[in-house]
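>>> just need the structure, nothing else, for what follows:
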Amino acid sequence: MENYIDGNQNRPKGAERLDNSSNLIVTIDGPVQIVAINRPDRRNAIDMETANNLVEVFKQFDANDDLRVAVLTGTNGNFCAGADLKAISQGTANKVHEEGDAPLGISRMRLSKPVVAAIEGYAVAGGLELAIWCDLRVVGESAVLGVFCRRFGVPLVDLGTIRLPRLIGQSRAMDMILTGRGVHSSEALQFGLANRVVEDGRALEEAVSIGKSIAAFPQICMRNDRTSLYEQWDLSTESAVKNEVRLGLETIRSGETLSGASTFLEGLGRHGKSVEE
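Numbers count the residues shown, from 1 in each chain. Predicted coordinates for the structure are as follows:
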């Protein structure tokens, strides 16, 4: 499979490249939108302009009914090195406010659709925070994830201290946050920080494949279950149960459940297969 994004910004046949800023490359492959951070000279570190562009791209993705899953990745063999420290040193750092968009743009957004991270090379500091903002992470064998900003006095302000312990547990998160050490793909998989580990160079391909599989499911049911999972963190157990039932009833009333039951009786979608197989 030809790379979606490489040094020449190639893409496979059938994938449509949209109008892009110089720091993002946005490509459409069927129901999947691929967003690549494109600042290879900075290991895809995020400056203020890139953060703002990410917000706009993902707002448009969430509002587009033709798109069902997004993939976030980086060009030139790296995912993202976090905030641009050069910009910080020059006094043009990303803005840090208690309200509004996050310093890296998107990390406070809660989308209605899934996002899969395709990680090659480094996903560190704020890049790690962007990776754990995503619903799933596909990681190349040589990838490294870590809180490298620990070395430079740059705080985690893109929800890293919140999402990381929720994702992998407090003990492991504390290890990463206090020591700033790099976590390689095999350990990331053991932690649950990575969902899949693939050969180097195949993270994007696998992430898009997962995205298309998710896009083939009944969407109201999938999105409501995903919403319940996220919202339960903010609720008591009793309220979370009620919220799950409320969203489940919404799915049932949509007709997707009855349609799915009919599909099952027709013999489709069994034994782990897609209903389209």
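>>> what about the helices in the stretch 151-277 of the chain?
160-168, 170-179, 185-191, 203-215, 219-231, 237-254, 256-265 (DSSP state H, counting those that start in this stretch).
>>> tell me where the stretch 1-150 of the chain has strands.
Ranges of strands in the stretch 1-150 of the chain, per DSSP state E, counting those that start in this stretch, are 16-17, 24-29, 32-37, 69-74, 115-119, 122-124, 136-140, 144-146.
>>> what comes up buried for stretch 111-127?
For stretch 111-127, the buried set under the neighbour-count rule, 16 or more other C-beta atoms under 10 Å, comprises 111, 113-127. Glycine gets a C-beta too; all of them are placed from N, C-alpha and C.
>>> test my guess that residue 92 contacts residue 47.
Yes: when contacts are counted by C-beta atoms under 8 Å, residue 92 is listed as touching residue 47 (7.4 Å).
>>> out of the two, which sits in the busier spot?
Neighbours were counted for residue 92 and for residue 47 using other C-beta atoms under 10 Å; residue 47 has more, 20 against 12.
>>> where does that one land on pLDDT?
For residue 47, the model assigns a pLDDT of 93.
>>> quick one: low-confidence ranges for the stretch 51-200 of the chain?
Residues of the stretch 51-200 of the chain meeting the criterion pLDDT under 70: none.
>>> nearest to residue 62, out of the helices of the stretch 151-277 of the chain?
Closest to residue 62 of the helices of the stretch 151-277 of the chain is helix 219-231 (C-beta to C-beta; 10.9 Å).
>>> residues in contact with stretch 187-199?
Residues outside stretch 187-199 that contact it (C-beta atoms under 8 Å, 6 or more residues apart in numbering) are 119, 132, 136-141, 143, 145, 167-168, 172, 183, 185-186, 205-206, 210.
>>> okay, how far is it across it, tip to tip?
Length of stretch 187-199, first residue to last, C-alpha to C-alpha, to the nearest Å: 15 Å.
>>> residues of that stretch that come out buried?
Neighbour-count burial for stretch 187-199 flags 188-189, 191, 193-198 (criterion: 16+ other C-beta under 10 Å).
>>> again, but for stretch 40-56
For stretch 40-56, the neighbour count (16+ other C-beta under 10 Å) marks 42-55 as buried.
>>> was I right to think residue 200 contacts residue 120?
Yes: here residue 200 reaches residue 120: they are 6.6 Å apart, a contact under C-beta under 8 Å.
>>> pull up the overlap in contacts between these two.
140, 142.
>>> identify the residues contacting the closest residue to residue 32 other than its chain neighbours.
The shortest distance from residue 32 to any non-neighbouring residue, by C-beta to C-beta, 6 or more residues apart in numbering, is to residue 211 (4.1 Å). By C-beta under 8 Å, 6+ apart, the contact list for residue 211 reads 31-32, 68-71, 114, 116.
>>> what's the pLDDT at residue 50?
As predicted, residue 50 sits at a pLDDT of 94.
>>> ok, it touching residue 39?
Yes: counting by C-beta under 8 Å, residue 39 is a contact partner of residue 50 at 6.5 Å.
>>> and for these two, which residues touch both?
Common neighbours of residue 50 and residue 39, using C-beta under 8 Å, 6+ apart, are residue 23.
>>> so what's the residue count around the nearest residue to residue 58 once chain neighbours are set aside?
The shortest distance from residue 58 to any non-neighbouring residue, by C-beta to C-beta, 6+ apart, is to residue 106 (5.4 Å). Residue 106: 24 surrounding residues under other C-beta under 10 Å.
>>> hmm, residue 133 and residue 106 touching each other?
Yes: the pair residue 106 and residue 133 qualifies as a contact (C-beta under 8 Å) at a distance of 6.4 Å.
>>> which residues do those two both contact?
Joint contacts of residue 106 and residue 133 (C-beta under 8 Å, 6+ apart) do not exist.
>>> how about the contacts made by residue 42?
Contact partners of residue 42, counting by C-beta under 8 Å, 6+ apart, are 81, 84, 86.
>>> out of these, which sit inside helices?
Of these, the ones assigned to helices by DSSP state H are residue 86.
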